[in-house]
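Novice: Any chance you can model this:
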Amino acid sequence: MVIQSLIASFSLVLVPLAERPAPLPIWTGKPPGEVKELEAEKNLTGGRSVADKPVTRITNVSIPALDVHIPEKPNGSAIVICPGGGHQILAWDLEGTEVAQWLNKLGVTAFVLKYRVPARSAETRYRAAVQDAQRAVSLLRAKAADWKVDPRRIGVLGFSAGGETAALATLFEERLYDASDAIDKEPYRADFAILVYPAYLSNRDGTALQPHVKVPKSCPPFLLIHAADDAVTADSSILLCQALRRSKVSAELHVYSKGGHGYGLRPTDSPVTKWTSLAEDWLKPFLKTP
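Specialist: Coordinates of the predicted model:
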């Protein structure tokens, strides 16, 4: 009997876990504007660690896709995560998959966007990334039933250059590419946006937003998180929040005195790394089924 019990227990251990969904390509053919082949995608893990852990850095992305993370108890909300990396690499775990794991605990179906890097244009470094983000949100709305997602509760969350990407994809009143299929008939703007130390939204003097950063009154709610001592200036968040308020768009801004840049949600001694507690409170209205 003991042996039979052990065999039964062992057989339970061998039951395979459900496989994660395969990455979801966001374009049916070549992405817009692609004119040359890059070298193979590379993993550049190493360099600066955060909270004593290395950072997975990915570059040479030519096939944009969504990395799907499904929670145990989905509540119908979804968030597209845009990792940062200066439009040169993607901080894939620090500002991507680790963030997805946190959102899964809240019942959010998370989609980490592997957008194109390095930047295709020196003049408009954000262009390819924003195209990918706009397409990703439209794709999720088109496939909402497949993922059991409410198409009215799809948000974006971006860090650094990914914060710029998430912001512009939500602010722009037009797509940055020509619509090509039924997916592009779906709205590309998210229903809410969270920007964590967003980059490149203000001018070099920190006196104004970049000319292309405009805030229409039709924008959804924004939550902005930054540290005052961030070398990637907090002016991007402060000025954007002011512009949102002038346009009567719901906006919440938290600027911590210290914290620097590029911490993701890894815990450190700095209070800024507790930003997820603020975000969880702010997200509550979007996580409830209407």
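Novice: Can you show me the helices along the stretch 1-150 of the chain?
Specialist: 2-13, 98-105, 127-142, 144-147 (DSSP state H, counting those that start in this stretch).
Novice: Out of these, which is closest to Ala227?
Specialist: Of all these, helix 98-105 sits nearest to Ala227, with 17.5 Å by Cβ to Cβ. Just so you know, the C-beta spots here come from the backbone N, C-alpha and C atoms, and that holds for glycine as well.
Novice: in the closest one, what's buried?
Specialist: Glu98, Val99, Ala100, Trp102, Leu103, Asn104 (16 or more other Cβ atoms under 10 Å).
Novice: Of all the helices of the stretch 1-150 of the chain, which one is nearest Ser62?
Specialist: When the helices of the stretch 1-150 of the chain are compared (using Cβ to Cβ), the closest one is helix 127-142, at 10.2 Å.
Novice: Kindly provide the whole-number mean pLDDT of the closest one.
Specialist: Helix 127-142 carries an average pLDDT of 98.
Novice: picking up where we left off before, reformat the buried residues of helix 98-105 as a markdown table; add distance to Lys42 and pLDDT.
Specialist: Below are those laid out as a markdown table (distance: Cβ to Cβ, whole Å; pLDDT from 0 to 100):
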| residue | distance to Lys42 | pLDDT |
| --- | --- | --- |
| Glu98 | 20 | 98 |
| Val99 | 22 | 98 |
| Ala100 | 22 | 98 |
| Trp102 | 27 | 98 |
| Leu103 | 27 | 98 |
| Asn104 | 28 | 98 |
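Novice: And those residues, which is closest to Ala199?
Specialist: Of all the buried residues of helix 98-105, Ala199 sits closest to Val99, with 16.8 Å by Cβ to Cβ.
Novice: Provide a list of residues in contact with the closest one.
Specialist: Val99 sits next to Ile81, Ala110, Val112, Leu157, Phe159, Gly264, Leu265 when contact means Cβ atoms under 8 Å, 6 or more residues apart in numbering.
Novice: what about the fifth one, how many neighbours?
Specialist: When counting by other Cβ atoms under 10 Å, one arrives at 31 neighbours for Phe159.
Novice: gap between it and Ala228?
Specialist: According to Cβ to Cβ, to the nearest Å, Phe159 and Ala228 sit 17 Å apart.
Novice: Which pLDDT value goes with Thr289?
Specialist: Looking at Thr289, the pLDDT reads 71.
Novice: Who are the contact partners of it?
Specialist: Contact analysis of Thr289 by Cβ under 8 Å, 6+ apart lists Asn75, Gly76, Asp150.
Novice: ok, 7 Å please
Specialist: By Cβ atoms under 7 Å, 6 or more residues apart in numbering, the residues touching Thr289 are Asn75, Gly76.
Novice: so how far is Arg152 from it?
Specialist: Distance from Thr289 to Arg152, counting by Cβ to Cβ: 11 Å.
Novice: Give me the number of neighbouring residues for the closest residue to Asn43 other than its chain neighbours.
Specialist: Excluding its sequence neighbours, the residue lying closest to Asn43 (Cβ to Cβ, 6 or more residues apart in numbering) is Ile58, at 5.9 Å. Neighbour count for Ile58, taken as other Cβ under 10 Å: 20.
Novice: Could you measure from Ile58 over to Asp150?
Specialist: 30 Å.
Novice: tell me the SS of Trp282?
Specialist: helix (DSSP: H, G, I helix; E, B strand; the rest coil).
Novice: Tell me, how many residues neighbour the spatially closest residue to it that is not a sequence neighbour?
Specialist: Once flanking residues are discounted, Trp282 sits nearest to Leu223: 4.9 Å by Cβ to Cβ, 6+ apart. Look at Leu223: counted by other Cβ under 10 Å, it has 24 neighbours.
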